[in-house]
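Novice: let's see this in three dimensions:
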Amino acid sequence: MLLSAFRWVACLIPGMGRTTIALALLAMPFTLLGQAPEPTVDEKIKSEVARQLAEAEAARWKAGINPMGGGVFIKSPDGKAYFRLYGYAQPQFTWTDGGQHLGFGNTDFRVRRARIDFSVDYDDRFKLFIEFDGAPADGTALVEGYVQAALQKDRHYIRLGKYISPFSSENLRSSRAMDTVERYIALNSLFGLPAIDVQFGAMLWGAFDKEKRFNYLVGVFNGNSSAGAAVVNGVRGNARDNNAIKDFQARFNVKATKEFTVGAAYDVDVEDTQTLQISSYAGAKFIAATVKGKRQGVDLDGHYKKERCSFDVEWLRADFKDSDAVLHGGYAQAGYWVSGSEAKGGVQGILRGEYAQIDGAAVDPVDGKTLVAATLGANVWFNGWTRLQVNAIAEHVNGNGNGTLLGGSTWRPTLLTQLQVKF
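Specialist: Take a look at the predicted model:
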């Protein structure tokens, strides 16, 4: 029968050879098997529904919760607009030696910070950031509030408003990311003027190279603002400037290797009459001097981090020439992750040594000018958003100073503990 069909086809197509026709007939069943059947009506409907759902999903705004206490977010369909609400709280317990002569005696509970942050980013070019603190004893404070725009995307930016000035590398670290409960004493002395810390002004910042190894921050500021609700020149935490000469600051950082970064900063300003004061970690005044007029400051720092180990150093000097007073001081710190990590829960040990000193004719009559401190600390991360910090601190002064801190040759102990919760 197959032979008859073969002969019949050969007669119909005389131009084809019998061998060619045979091969075509043999291949026909396999060709028919390889053809996909026409989709049914139900399959066409399902495909159209899937396409429309995919389009709707692509056009939908997304919302969610960031891990590790990163807050909640809303993101536009194209991913360019990103709204974020987050914050943290830091309740703190202090125990200290009676020689501090503080109003609370030996023990104190307080909420060090309770901050809410709101940010809006668009296309990595524009940013709005606002941070409020509800913890200050004399009222809620605007800590930061600024707008930012890219002059060249991913390279150069301009920032306007109230924000952390770039003088100190430790100050540029958020309070939620500090290794110790408080920043080092010499830096706190400048905060108290108030100076450095957060200021009102304009700043250019970015990187000179694509690899971002050479970074800069250059700004001009009012120079007398406060991160908290302190009253400065009659204005709570948001003081207007009190002279025509602005505060100029510049910082340059070099990422020498993947693990090692060095930085240097410069500051120049003219102070209204202020009190420069070195205080203990518990808040007792050791030595103070009245300063006014020109202030010039330098800051040097280095940071090394590899695997479980980290090493950090910073030193600053502020020269108040018109008042004949010089503040200088700094710290050296080693850190080691005993177990785990910040993200998964773990324990990091911290060892820090530091000093703060005031020199010059303004304090020549004072007996004692130097405060040194050693801190043994631990950061216990329960998870990425909850941490307990314990700092055992020993402080020593070389005299009685002119404040309330009892001097002498005794090392005075202070215990700072802080529970941090990010959300």
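Novice: got the CA coordinates for the biggest strand by length in the chain in PDB?
Specialist: For the chain, the strand with the greatest residue count under DSSP state E is strand 285-306. Written as PDB, here are the backbone C-alpha positions of strand 285-306 (Å, rounded to 0.1, in the frame of the first residue of the first chain):
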ATOM      1  CA  LYS A 285      33.200  70.100  84.700                       C
ATOM      2  CA  PHE A 286      36.900  69.800  85.100                       C
ATOM      3  CA  ILE A 287      38.400  72.900  83.500                       C
ATOM      4  CA  ALA A 288      36.800  75.800  81.700                       C
ATOM      5  CA  ALA A 289      38.000  79.100  80.000                       C
ATOM      6  CA  THR A 290      36.100  82.000  78.400                       C
ATOM      7  CA  VAL A 291      37.000  82.300  74.700                       C
ATOM      8  CA  LYS A 292      36.100  85.000  72.100                       C
ATOM      9  CA  GLY A 293      37.400  85.900  68.700                       C
ATOM     10  CA  LYS A 294      39.200  83.800  66.100                       C
ATOM     11  CA  ARG A 295      39.200  80.100  66.200                       C
ATOM     12  CA  GLN A 296      41.400  77.800  64.000                       C
ATOM     13  CA  GLY A 297      41.100  74.100  64.100                       C
ATOM     14  CA  VAL A 298      42.700  71.000  62.600                       C
ATOM     15  CA  ASP A 299      41.600  67.400  62.700                       C
ATOM     16  CA  LEU A 300      43.500  64.200  61.700                       C
ATOM     17  CA  ASP A 301      42.200  60.700  61.600                       C
ATOM     18  CA  GLY A 302      42.900  57.200  60.400                       C
ATOM     19  CA  HIS A 303      40.700  54.100  60.200                       C
ATOM     20  CA  TYR A 304      41.600  50.400  59.500                       C
ATOM     21  CA  LYS A 305      39.100  47.600  59.300                       C
ATOM     22  CA  LYS A 306      39.700  44.000  58.200                       C
END
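Novice: other SSEs contacting the helix or strand that it is followed by?
Specialist: The helix or strand immediately downstream of strand 285-306 is strand 309-320, counting by DSSP states H and E. Other helices and strands packing on strand 309-320, by 3 or more Cβ pairs under 8 Å, 6 or more residues apart in numbering; DSSP states H and E, are helix 169-172, helix 185-191, strand 260-279, strand 285-306, strand 325-341. In short, each C-beta sits where N, CA and C put it, glycine included.
Novice: point out the most buried one among the ones you listed.
Specialist: Comparing these by mean neighbour count (mean count of other Cβ atoms under 10 Å), helix 185-191 comes out on top with a mean of 23.
Novice: parallel or antiparallel, list what pairs with the following helix or strand past that helix.
Specialist: Note on helix 185-191: by DSSP H and E, the next helix or strand toward the C-terminus is strand 198-207. Strand pairing for strand 198-207, using DSSP bridges, gives strand 156-164 (antiparallel), strand 214-221 (antiparallel).
Novice: quick check: buried residues in stretch 398-416?
Specialist: Buried residues in stretch 398-416, counting neighbours by 16 or more other Cβ atoms under 10 Å, are found at 398, 401-407, 412, 414-416.
Novice: distance to residue 244 and pLDDT added to those residues, as JSON lines?
Specialist: Below are these laid out as JSON lines (distance: Cβ to Cβ, whole Å; pLDDT from 0 to 100):
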{"residue": "398", "distance to residue 244": "40", "pLDDT": "93"}
{"residue": "401", "distance to residue 244": "35", "pLDDT": "93"}
{"residue": "402", "distance to residue 244": "33", "pLDDT": "93"}
{"residue": "403", "distance to residue 244": "33", "pLDDT": "91"}
{"residue": "404", "distance to residue 244": "36", "pLDDT": "88"}
{"residue": "405", "distance to residue 244": "37", "pLDDT": "87"}
{"residue": "406", "distance to residue 244": "43", "pLDDT": "81"}
{"residue": "407", "distance to residue 244": "41", "pLDDT": "78"}
{"residue": "412", "distance to residue 244": "43", "pLDDT": "93"}
{"residue": "414", "distance to residue 244": "42", "pLDDT": "96"}
{"residue": "415", "distance to residue 244": "46", "pLDDT": "98"}
{"residue": "416", "distance to residue 244": "41", "pLDDT": "98"}
